[in-house]
Each structure stands twice: as structure tokens, then as C-alpha cells.
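Peer 1: Here is the input, now give the coordinates:
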Amino acid sequence: MPIQNQTLETPCISHRSLSLFGGLIASFMLAPAVFAADNPGTHEHGQAQLQMALENSNIELMFSSPAYNLAGFEHEARTDEQKKMLADIRQWLETTPLVNNGAGACRVAGVTVQLGDEGGSHNHHEEETHRDYAVAQQLTCEGMAVGDTFSTPLPARFPELEALAVEWVGPSGQGSRMITGPGQSFKLSQ
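Peer 2: Numbers count the residues shown, from 1 in each chain. Okay, the predicted model is just below:
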């Protein structure tokens, strides 16, 4: 029986050609989703992750959070009020840069927002379901420089988000910072 060649397709993170750094971005951003799928303990209310990959004036980022942190519930929206709340959250995540440089010059160039099993299979034990938001954003940030200070509007917009683990990688290295309240910023050189 002959062995057939198989091609593994990888989703495209951005429209520009994938250089070595682009491959790093792809692996950096896909790893948390794979890890979370294999480790259900990563779902903790009050905590979320924001990962960034930087190159020139571009930022690719991935934000993942339990739905509870953003909406106050994780079950499928049941009331008109809950449906409107989820629509408002989606619109905010699609249009608001999840990080911004000191000049406030970051703009959303592309975005994908997904909430748990949205449009997929439904769990009969709805109350036990853990749903997460996963947001991928591509940002362009004019005037971005090594050692830039960044801020995120996430803790101010979503008070249930108590701790945001921020990790980044770029031409000048990598780093991380835990943000535990609104108004906190982080420097890429830390």
C-alpha cells in the first residue's frame, strides 16, 4: 500500500509574507490555544492572558479570557439584555485596540473574535460549560519604538478581570508583566 504525502495547512495570521519572524508570531500565538485545549485548568475567573508579537510598527496579539470576566456569565445568552451585552462586547473587541503605545497611535487593522462554542455544538449541562473569549488582533502603531510604554484598556472596561498576564516578543527580546488593575502600563524593555 503506497504512502500518500499529506499537507498540513496552517491558518494565516496576517496578509504579509511569513518571514522567520512571521513564523515565530504564528507559533507564539497558536501555542496558548493548543495548551488551553489540553489543560482545562487554565480557565480561571478573574484572570486572562494577552500575548503580543511586535515587528516594526505592527503588533499581532492574542487575548484569551473566560467569558465570565467580560460578560459576568458563561452560559449561552438567554435574555435580550444578555444578547445585547454580548453584541456590545463583541463590537468593542472588534474596534478597540487591546494595547496602545504612549502616543495612542495604535489602530485595528484586522480582528477575529470568538466566544466559546459560538454557532457550534451545545452542551446539555449549560451551567457547567466553561466558555472563553479568544480575540486575535492585528494592530498598526505609528511611532512605536524600542522601550515604548504600552497600556491596555481591558481592566478598566471589564472590572471582573482582576489579573491580566501580558507577554510579548519582538526584535529587542521578550518579556512579561502581570497587570492587576486599571491604569497600569508596561514597558517592552522590562
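
Peer 1: got a list of contacts for stretch 177-190?
Peer 2: Contact with stretch 177-190 is made by 54, 146-152, 155-156, 162-166, 168, 170, 172-173, 175, as judged by Cβ atoms under 8 Å, 6 or more residues apart in numbering. Glycine gets a C-beta too; all of them are placed from N, C-alpha and C.

Peer 1: Need the buried ones from these selected in PyMOL.
Peer 2: Provided next is the PyMOL selection string for whichever of the contacts of stretch 177-190 are buried by 16 or more other Cβ atoms under 10 Å:
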select buried, resi 54+148+150+151+152+155+162+164+166+168+170+175
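
Peer 1: Please, where are all the helices along the chain?
Peer 2: Using DSSP state H, the helices found in the chain span residues 20-38, 67-71, 80-95, 154-157.

Peer 1: Could you list the low-pLDDT ranges of this structure?
Peer 2: 1-43, 117-129, 189-190 (pLDDT under 70).

Peer 1: Walking through the chain, point out its strands one by one.
Peer 2: Assigned by DSSP state E, the chain shows strands spanning 47-55, 58-66, 100-101, 106-115, 132-141, 149-151, 163-170, 173-179, 185-187.

Peer 1: in the fourth one, what counts as buried?
Peer 2: Of the residues in strand 106-115, 106, 109, 111, 113, 114, 115 count as buried by neighbour count, 16+ other Cβ under 10 Å.

Peer 1: so what's the fourth one up against?
Peer 2: Residues counted as contacts of residue 113 (Cβ under 8 Å, 6+ apart) are 90, 93, 94, 133, 134, 135.

Peer 1: Please apply the same query to the first one.
Peer 2: Counting by Cβ under 8 Å, 6+ apart, residue 106 makes contact with 59, 97, 99, 100, 139, 140, 141.

Peer 1: Most neighbours out of those, which is it?
Peer 2: Comparing these by number of neighbours (other Cβ atoms under 10 Å), residue 59 comes first, having 26 neighbours.
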